[in-house]
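Participant: Can you look at this prediction? I've put the sequence above it.
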There are 2 protein chains.
Amino acid sequence: MSAHQVAPAQESYVDVLIVGAGPAGVMCANALVGAGVNVRIIDKRPEGVLAGQADGCQPRTLEILHSYGLADQLFKEGSRVYRTTNYDQSPDGRLKRTRLSPLMPAPNARWSFGVGLSQGRIETIFETSMRAKGLTIERATVPVSLKMSEQTNDLVDAHCYVNKVSLTIAMSTSDDSMSVLEVVIERIDDPGHSEVVHAKFVLGADGAHSWVRKTLEIGAEGAMTDSVWGVIDLLPDTDFPDVRNLSYCHSSEGTLFTIPREDDLIRIYVPQSNDSQVIDPETGRADKNRSSPEKILNQARKILHPYRMNVKDNRIDWWTIYVVGQRVAERYSVNDRALIAGDACHTHSPKAGQGMNAALGDSHNLAWKLVYVLKGWAKLSLLRTYESERRNFAKDLIDFDKEWSKLFIAKRQPSNDSDALTQDEFVHMTLKFNSFVTGIGIRYFPSAIVNPQYQGLASKLIVGERVIPQTFVCAADGRPVEIQDMLPADSRFKILVFGGDIAVTGDLNALKEALIAMNLSASFIERFGHDGAVFDVLCFSSGKQQDVGYADFPMFYRSHWTKAFLDEVDMTGREGGGGYEKYGIDPHDGAVVVVRPDGHIGMIAPLSILGVEEITEYFEGFLI
Amino acid sequence: MSAHQVAPAQESYVDVLIVGAGPAGVMCANALVGAGVNVRIIDKRPEGVLAGQADGCQPRTLEILHSYGLADQLFKEGSRVYRTTNYDQSPDGRLKRTRLSPLMPAPNARWSFGVGLSQGRIETIFETSMRAKGLTIERATVPVSLKMSEQTNDLVDAHCYVNKVSLTIAMSTSDDSMSVLEVVIERIDDPGHSEVVHAKFVLGADGAHSWVRKTLEIGAEGAMTDSVWGVIDLLPDTDFPDVRNLSYCHSSEGTLFTIPREDDLIRIYVPQSNDSQVIDPETGRADKNRSSPEKILNQARKILHPYRMNVKDNRIDWWTIYVVGQRVAERYSVNDRALIAGDACHTHSPKAGQGMNAALGDSHNLAWKLVYVLKGWAKLSLLRTYESERRNFAKDLIDFDKEWSKLFIAKRQPSNDSDALTQDEFVHMTLKFNSFVTGIGIRYFPSAIVNPQYQGLASKLIVGERVIPQTFVCAADGRPVEIQDMLPADSRFKILVFGGDIAVTGDLNALKEALIAMNLSASFIERFGHDGAVFDVLCFSSGKQQDVGYADFPMFYRSHWTKAFLDEVDMTGREGGGGYEKYGIDPHDGAVVVVRPDGHIGMIAPLSILGVEEITEYFEGFLI
């Protein structure tokens, strides 16, 4: 039944309708409402997730949350994970610690730890932020049909949502596992509760069984594995000494692992592959009715022997069993109008702690692009880079997951030799994939918005990757400022002008030449800048505080006193210094680094008239 | 008119009545309500301070606020001050920068910068915190009489407030400069608005002209100076390049100085000593009617020449003129029942940015002592240390202020020689007093609660000073934790057990011996501990993560997994290490450090049965 056949349906208009208030949905909604976009977000659940599900934030995710001003709350509520331990079964069946190591080698991460916090509490952080900006989640609400007109115009104009994308949503009556079609049937005698929403864009952030993906007839590549897992969140009463670390316990049953969580809780993943009874022979899916917390706990105890693992205060917050599926959606959008994000796009095992991180990363990548298209600043084609960038990432993720998962199901003989082997494999895999797992090394490949032509001018700031943390000293007041704090997710491109040593005449002249070029009417700033809405210019001199004063910066580079910096250790000797070297930038030649609104480096250019022309050309590729 | 003559007066009972909701008042109120004390706070102002007045937090004050969980908000709202500049007049009358230096050399400060924020906004931070705990300021309310019974009992029992201290308060009708007596007259035909409050303790935090101090007939030592100043808070339109630093501009008129503030504002202090017209010849006090912002600004412009100093958007937030008085109250309490704090105790010039800091320090010192007495944990005599500790500090402060102020009023000839001289004096004074000005080096002298007998066992942790910041690694999860974060202002004494290297048998045995002694019924923990309310035990081993696991700590030292630490660099190589050495503690002998609830070190003891006995004796001196 299409929207237009329901009468008298209420009709409304919105720029973006988000279906699903899980991590991908609330991340996108919060980013859009923060940028002033007219957005609505619906979710079938009458209440937020209270316990369980995804729970870990990797280092890059912390940086992303920080760019939205949301990391402090996460740090406050979550449990930090700094270390990994490995345990192996001795020949006598007793578990023994064989290795203690950092969680992940991530020397370039701003925060080199993970944070464990329940998905519900992470969603609440976003929800609170959204609410402060006037947006609330419309709960107990599901889409029942989606109709899309042909889309030929590459530009978005003010009226393009009318009859382009329309979606009927209805209030749901029960809280769970309700089929979308049934909702419509239940509500059909109460048409006042159905509504026709005309949206410019629809985002399906509605999970692994995405209604939006299915309705769009987007297929998924991949398959279920035979890897079955039990997972349980509990308050431990234990003498296992490493519950506050990420602990891998290798056994002939597979690898059990524990993750520390907030409020002294822990999560335990218990391999179930030897327990065929949990699989429903008809569906081939794991059947929760065939298991129980006690059963999973007993399996855990066998591996953890001789350590005790009991539940304190009867507190089991959540548990489930599941079979791992590894799939990627064939496409991430239809006509760049109806899009999907998060688990709707990709499913994989939770072992590398990537699920929620990938979902948040999807929406972070997408949100600013939607903003640019909706504000009329960018061509619709900008949205194509969402699929190309994030689908490549998802494919890599699943390749990694396949390789990584092997270590968890190997039926090893308990001998010292194979112990060493497994550990070597772990170390090897950790080193091989660490920048991927932490998210720190995620690199988007060349496209309209990633141009590595002048990579050599800042040889260690990799075009397509996020900006490496580094502290500079504010020229006006000497305060040390972390560069990531200058790159908030405020929808603006940051133009980082590394201007050489202002105390050196030649350097200063090049800096002035560039500003003259940027002031020309043909420059990107004048053509695409929209009065400061699109670009934020920051200047970094390699000069020193005693030689270069704030007033020595050309006026253009100090639109505000917080915009001019020096590459130097601050006067208390605690922070900063060595930024040019760390970034591979010549201290006199300098460079201009263009940072996308999501913190990834879009291009590098010479500090010159030519450089400004090159940057202008870059923006011509996707801005209007 | 005493309370009992007013009828029908409402009567009520409270443990602590605080008069005045300035910095000293709200600091004390917030600390008391956080500790569960029954407290009320009244203030004559119908609304909080909106602008002006005190505005700077020194490094130690930041640490104190952090111990109450309030520093984050201050950091977020305030403007940080990292650097000092000195300017001198050239012979041609033009101002030139002659020095750029760190604000204060404070290598041991956790945060080595100052924070500028208006007094009103700082008060609001406390008010918000209090409100979350159920306490609001009763505004437009003044005390009109105070009667005190004879006080002979050294202990506080449940009923001791009845007829011990009684205070009549009445609603005030106008907002400012109203004499207390007048208020009573205005309200006399409306007796329903007066109330007899029976309080166990009264704190006069009612400013330089303290009604409580006068009513208690406490005199003040000292005198007014002939130093007259104008001060103005404004949004600058200027080419003076150092408005975001603390800038001293020396001239023949005296020393003007500017301080950066929140929201791009600055404060300017302008010497007025050559302008006798601003003094009211009858009162000898500065008369605001004899000056104006424009007049002050013109005086500033003369000194700042050739720099421009205009006001942007007509934004002058506040201004005043004043004569500096330098006084200390003769006593800080009567019978340890009616006490005073903040400006009621001491007034001095604002040049060293100490006013609000001293007030906050007073209340921080007093609050936990009141808590201990009120809970029946400590003898009333504990309160005597409030006066001895804080009055000594105030006297030092005024001595410093006198010396420091000389640099600001000197009529120097504008010549290069004298320029150098003044600068040298500044540098000399800065070095001489820096630990005092920053608050980092404030030391309380030996008393019932400061026992330096075993100073040598932790030679660099000075008994009577606050604990030096240092990061240790949590034994259970490897997280780096700053020791000051383990010392919140939660009213508990922290027993820091430096247990040597647990991997070494002899060290472990000494650690076990101490725990056995602490478990004895005669020990301080058993006698004074009140089931964990008074003591928090933390253990620090000099062992390393790969050798010492969490489970290797004797159970006594890990009441929770967050209580056991190692002195080591964390696994990411970023923080921690060298704590024993920094504190001057032998890595095998160890030591026990007793930290007072206000973060100051009360005593150091050997890690042994003798040591536990010595600590018990220390607590016998003031605990019940």
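Facilitator: Nice, thanks for sending it over. Note that the structure is a prediction, hence the values are computed from the model and not measured. Residues are numbered from 1 along each chain as shown, chains lettered A, B, ... in the order given.

Participant: Please list the residues of the stretch 501-624 of chain A that sit near chain B.
Facilitator: Applying C-beta under 8 Å from any C-beta of the partner chain, one finds that the stretch 501-624 of chain A approaches chain B through A:545, A:546, A:549, A:550, A:551, A:561, A:570, A:571, A:572, A:574. From N, CA and C alone the C-beta is placed, and that goes for glycine too.

Participant: Residue numbers of the stretch 51-200 of chain A in contact with chain B?
Facilitator: Listed as neighbours of chain B in the stretch 51-200 of chain A under the rule C-beta under 8 Å from any C-beta: A:72, A:80-83, A:97, A:100-102, A:106-107, A:112-113.

Participant: Give the PyMOL command for selecting the buried subset of the residues you listed.
Facilitator: A single PyMOL command suffices to select whichever of those are buried according to 16 or more other C-beta atoms under 10 Å in any protein chain shown:
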select buried, chain A and resi 80+81+82+83+97+100+101+102+106+112+113
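
Participant: from the residues of the stretch 51-200 of chain A next to chain B, which two are the most distant?
Facilitator: Greatest spacing in these, by C-beta to C-beta: A:72 and A:97 (33.9 Å).

Participant: other SSEs contacting the strand or helix carrying residue A:386?
Facilitator: Using DSSP states H and E, residue A:386 sits within helix A:384-409. With contacts taken as 3 or more C-beta pairs under 8 Å, 6 or more residues apart in numbering or on different chains; DSSP states H and E, helix A:384-409 sits against strand A:220-238, strand A:254-260, strand A:309-329, strand A:346-347, helix A:355-374, helix A:416-437.

Participant: Just say which of those is most tucked in.
Facilitator: Highest mean neighbour count of the helices and strands packed on helix A:384-409: strand A:346-347, a mean of 28 (counted as mean count of other C-beta atoms under 10 Å in any protein chain shown).

Participant: and the angle for the helix holding residue A:386 with strand A:309-329?
Facilitator: Angle of helix A:384-409 versus strand A:309-329, following axes from the mean of the first three to the mean of the last three C-alpha atoms, to 10 degrees, is 140 degrees.

Participant: Report the rounded mean pLDDT for helix A:384-409.
Facilitator: Helix A:384-409 shows a mean pLDDT of 89.

Participant: by how many degrees do it and strand A:220-238 diverge?
Facilitator: Using the same axes, to 10 degrees: helix A:384-409 against strand A:220-238 is 50 degrees.

Participant: buried stuff in helix A:384-409?
Facilitator: So for helix A:384-409, counting by 16+ other C-beta under 10 Å, buried means A:384-391, A:393-394, A:397-398, A:400-401, A:404-405, A:407-409.

Participant: same question, stretch A:593-604
Facilitator: A:593, A:594, A:595, A:596, A:597, A:598, A:599, A:600, A:601, A:602, A:603, A:604.

Participant: so what's the fifth one closest to, chain neighbours aside?
Facilitator: Going back to what we said before, that points to residue A:597. Distances taken as C-beta to C-beta, 6 or more residues apart in numbering or on different chains put residue A:368 closest to residue A:597, at 3.8 Å, once the chain neighbours are dropped.

Participant: my guess is residue A:206 meets residue A:344, correct?
Facilitator: Yes: with contact defined as C-beta atoms under 8 Å, residue A:206 counts as touching residue A:344 (5.8 Å).

Participant: Mind listing the shared neighbours of those two?
Facilitator: Both residue A:206 and residue A:344 are in contact with A:20, A:212, A:213, where contact means C-beta atoms under 8 Å, 6 or more residues apart in numbering or on different chains.

Participant: Can I get stretch A:119-133 as PDB, trimmed to CA atoms?
Facilitator: What follows is stretch A:119-133, C-alpha atoms only, in PDB (Å, rounded to 0.1, in the frame of the first residue of the first chain):
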ATOM      1  CA  GLN A 119      25.200   0.800  23.400                       C
ATOM      2  CA  GLY A 120      22.100   2.300  25.200                       C
ATOM      3  CA  ARG A 121      24.200   4.700  27.200                       C
ATOM      4  CA  ILE A 122      26.200   5.800  24.100                       C
ATOM      5  CA  GLU A 123      22.900   6.400  22.300                       C
ATOM      6  CA  THR A 124      21.700   8.400  25.200                       C
ATOM      7  CA  ILE A 125      24.800  10.700  24.900                       C
ATOM      8  CA  PHE A 126      23.700  11.500  21.300                       C
ATOM      9  CA  GLU A 127      20.100  11.700  22.300                       C
ATOM     10  CA  THR A 128      20.800  14.300  25.000                       C
ATOM     11  CA  SER A 129      22.900  16.300  22.600                       C
ATOM     12  CA  MET A 130      20.100  16.200  19.900                       C
ATOM     13  CA  ARG A 131      17.500  17.200  22.400                       C
ATOM     14  CA  ALA A 132      19.500  20.300  23.400                       C
ATOM     15  CA  LYS A 133      19.200  21.300  19.800                       C
END
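
Participant: to the chain's geometric centre, what's the distance from it?
Facilitator: Distance, stretch centre to chain centre, for stretch A:119-133: 15 Å (C-alpha atoms, centre = their mean, to the nearest Å).

Participant: before we move on, what about stretch A:506-525?
Facilitator: When C-alpha coordinates are averaged (C-alpha atoms, centre = their mean), stretch A:506-525 and its chain have centres 35 Å apart.

Participant: Tell me the spacing between the most centrally placed residue in chain A and residue A:603.
Facilitator: Nearest residue to the geometric centre of chain A (C-alpha atoms, centre = their mean): residue A:361, 2.2 Å. As defined by C-beta to C-beta, to the nearest Å, residue A:361 lies at a distance of 21 Å from residue A:603.

Participant: Residue A:471 now?
Facilitator: Taking C-beta to C-beta as the measure, residue A:471 falls 24 Å from residue A:603.

Participant: Check residue A:449 too.
Facilitator: Distance from residue A:449 to residue A:603, by C-beta to C-beta: 9 Å.

Participant: same thing with residue A:87?
Facilitator: Taken as C-beta to C-beta, the span from residue A:87 to residue A:603 is 47 Å.

Participant: again with residue A:575
Facilitator: Distance, residue A:575 to residue A:603, using C-beta to C-beta: 28 Å.

Participant: Then residue A:49?
Facilitator: In terms of C-beta to C-beta, residue A:49 sits 40 Å off from residue A:603.

Participant: One more: residue A:477?
Facilitator: Taken as C-beta to C-beta, the span from residue A:477 to residue A:603 is 31 Å.

Participant: and if you look at residue A:300?
Facilitator: For residue A:300, the distance to residue A:603 (C-beta to C-beta) stands at 51 Å.

Participant: With residue A:196 instead?
Facilitator: Taking C-beta to C-beta, one finds residue A:196 at 43 Å from residue A:603.

Participant: what does residue A:84 give?
Facilitator: 37 Å.

Participant: just for chain A, where's the confidence low?
Facilitator: Along chain A, segments meeting pLDDT under 70 span A:1-9, A:52, A:149-193, A:274-275, A:409-423.

Participant: domain assignment for it?
Facilitator: Per automatic domain parsing, the structural domains of chain A span A:3-79+A:110-220+A:328-396, A:224-326+A:408-437, A:455-620.

Participant: distance between the ends of the second one?
Facilitator: In terms of C-alpha to C-alpha, to the nearest Å, the two terminal residues of domain A:224-326+A:408-437 are separated by 22 Å.

Participant: can you check the last one too?
Facilitator: Between the opening and closing residues of domain A:455-620 lies a distance of 20 Å (C-alpha to C-alpha).

Participant: Neighbours of residue A:33, how many?
Facilitator: Neighbours of residue A:33 under the rule other C-beta atoms under 10 Å in any protein chain shown: 21.

Participant: who's in contact with it?
Facilitator: Counting by C-beta under 8 Å, 6+ apart, residue A:33 has contacts A:39, A:130, A:133, A:134, A:135.
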